[in-house]
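# Attaching a predicted model along with its sequence, questions to come.
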Amino acid sequence: MYCKNCGSMIDDNTNVCPKCGATQNNNVSETNDNGGFLWGLLGCCVPIAGLILFLVWKDTKPKTAKAAGIGALVSVIIGVIWYVFVFVLSIGIGISGY
């Protein structure tokens, strides 16, 4: 095995590099961070959940956090566009007298 910091050859069971002193974290399991579409869909359907997931996972699962955050952002943008459309439509109806 090689040191993750300096690249020198070290023993497979070594937790600290004898050359540079960097911790190796050999027993840390990798997290599944595939940035799934369903997390983005959840963020779009429930924007507050997407925002919370983005804030919680932004350091540990950046791809999944980005998917949930983009879903929440898309939902908010669609909501704002909808309210602007309804406002403009109601102004137009009010001016035309119907």
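That came through, no problem.

# in the protein, which residue is closest to the centre?
Ala65 (1.3 Å; CA atoms, centre = their mean).

# Can you give the distance of the helix or strand where that one lies from its chain's centre?
Secondary structure from DSSP states H and E places Ala65 in helix 62-96. The chain centre lies 20 Å from the centre of helix 62-96; the measure is CA atoms, centre = their mean, to the nearest Å.

# Show the average pLDDT along that helix.
Average pLDDT, helix 62-96: 93.

# name the helices or strands packed onto that helix?
Counting by 3 or more CB pairs under 8 Å, 6 or more residues apart in numbering; DSSP states H and E, the packing neighbours recorded for helix 62-96 are helix 37-45, helix 47-57. Backbone N, C-alpha and C define where each C-beta goes, glycine included.

# and Cys6, what does it touch?
Neighbouring residues of Cys6 by CB atoms under 8 Å, 6 or more residues apart in numbering: 17, 19-20, 22.

# do the same with Trp39
Counting by CB under 8 Å, 6+ apart, Trp39 touches 50, 53, 64, 67-68, 71.

# Would you map out the domains in this structure?
The chain is divided into the following domains under automatic domain parsing: 1-30, 37-96.

# how about the nearest residue to Cys44, chain neighbours excluded?
Gly71 (3.9 Å; CB to CB, 6 or more residues apart in numbering).

# The one you found contacts Phe37, correct?
No: if you go by CB atoms under 8 Å, Gly71 and Phe37 don't touch, sitting 9.1 Å apart.

# more neighbours, these two?
A count of neighbours by other CB atoms under 10 Å puts Gly71 above the other of Gly71 and Phe37, at 26 against 10.

# Roughly how far does the more buried one sit from Phe87?
From Gly71 across to Phe87, the span is 25 Å (CB to CB, to the nearest Å).
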